[in-house]
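Peer 1: Sequence and predicted structure are below.
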Amino acid sequence: MDRVQVIQFRAALKELENVEALRNSSVLSLHLPSSSSLILVKNRVKDEQSRAANIKSVSNRSSVQEALRSAVDMLSTVNVMPPHGLLVFYGQSVLNRATGEVSHLRRTLTPPEPVQEFKYDVSKTFSTHSLHQLLVSQEGGVGYIILDGSAVALGTLSENGLKVHHHENVDIPKKHGRGGQSAPRFQRIRLEKRQLLVKKVQALVEGGPGQLKDQLVERLPQLLKGAVRCVENTSYSGRQGLREAINATRDLRQHMLLEKSNTVLSSIFEKLRIDEPDMVCFGDEVRAAMEDGAVQVVVLWDESPEVAWFAENCPEETELLVIPNRTNNTNMIVSTFGGIAALNKYPRAVPQEEEAE
């Protein structure tokens, strides 16, 4: 999934989270993995529609039945299940908490990463919490290694999703041997194999269920050791362990994004302080500078109306940092720069206002 789709998916989740069902009504959420049978799902929704007839509240019964009827209609327009699954949301009358407006909401979304579990939910709010685990965008740029005595998995997380570079099953004996081997000899063989495995992996470590991850951290070259931001205990190894570590370090990736945006904003203020205004630009100037190929990095408020345009038009060589609405950095960029600022690659002439005759 490209940068535009990731930002659109994030915006869709925010829209869903900003609304709630009116009193005595409900909204419907359906999370469908790619393995789901559309026919079976439609049949289940129809069964739920029959059960909804037992709801005592007339208004709530009506809203639930309408949501289920609409879900069947929405599913009927899908001929082939998308590779990552499908998300269906319906609310007959929902209240926007921020604006107080009441509207009709009907959405089908294709997620950036595969939906892991089937979910059917009818409640006052849309079920979106688990979907944030599928949102990988610029929170990425993080390398993961998950290892224990049974498997090693190496992957990177970027705006294009999780890429597993290597997965290998390994054979380290368990603590208790069989076949009459003496305990000291068996323990020596086990330790030797553990040491060989640690030596074999020379890269960044993020997690694992056992102690091997800690031994690997100790053996890393100094350059890589300095890059270790977190060592996670996971319940699983292999690909499942990668997923677990990614979910567990979402706050870390968000913190890394804020650190990076803070560094860029500090650089922008420093350029202004030392009177180098041709190295920075703001507002409408950013578009022109980017079209000239002069922009190195753009910092953008995630509720800015410009987000979609920059996501679609930002060149590959220009970094785009979209920062959330709940940070001090956001207040700074909105109050000082109108929600958008950029650091240039090289000095660019600042547009001069024409003098009145």
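Peer 2: Yep, it's here. As the structure is a prediction and not an experimental result, all values here were calculated from the model.
Peer 1: can you pull out the helices in the chain?
Peer 2: 3-17, 38-51, 58-76, 183-200, 212-219, 222-225, 238-248, 250-273, 284-291, 307-313, 328-337 (DSSP state H).
Peer 1: For Arg106, which of these is the nearest?
Peer 2: With respect to Arg106, and counting by CB to CB, the nearest of the helices of the chain is helix 58-76 at 6.5 Å. From N, CA and C alone the C-beta is placed, and that goes for glycine too.
Peer 1: what comes up buried for the closest one?
Peer 2: For helix 58-76, a neighbour-count test (16 or more other CB atoms under 10 Å) marks 60-61, 63-68, 70-71, 74-75 as buried.
Peer 1: follow-up on the earlier one: out of the helices of the chain, deepest packed?
Peer 2: helix 238-248 (a mean of 20; mean count of other CB atoms under 10 Å).
Peer 1: How far does that one sit from its chain's centre?
Peer 2: With CA atoms, centre = their mean, to the nearest Å as the basis, helix 238-248 stands 13 Å off its chain's centre.
Peer 1: Before we move on, what's the pLDDT of Lys225?
Peer 2: For Lys225, the pLDDT comes out at 64.
Peer 1: How about the one 5 residues further on?
Peer 2: Model confidence at Cys230, expressed as pLDDT, equals 70.
Peer 1: before we move on, what about the one 5 residues further on?
Peer 2: In this model, Ser235 is scored at 80, pLDDT.
Peer 1: Check the one 4 residues further on too.
Peer 2: Per-residue pLDDT puts Arg239 at 75.
Peer 1: one step back: quick one: closest of the helices of the chain to Asn24.
Peer 2: Across the helices of the chain, closest to Asn24 is helix 58-76 (CB to CB), at 4.1 Å.
Peer 1: That closest one packs against which elements?
Peer 2: Secondary-structure packing of helix 58-76 (3 or more CB pairs under 8 Å, 6 or more residues apart in numbering; DSSP states H and E): strand 27-32, helix 38-51, strand 86-96, strand 102-109.
Peer 1: Phe126 is nearest to which of the helices of the chain?
Peer 2: helix 3-17 (4.3 Å).
Peer 1: one step back: Throw the helices of the chain into CSV and include distance to Thr99, thanks.
Peer 2: Shown next, in CSV, are those (distance: least, CB to CB, whole Å):
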stretch, distance to Thr99
helix 3-17, 12
helix 38-51, 31
helix 58-76, 21
helix 183-200, 56
helix 212-219, 48
helix 222-225, 49
helix 238-248, 32
helix 250-273, 27
helix 284-291, 27
helix 307-313, 19
helix 328-337, 19
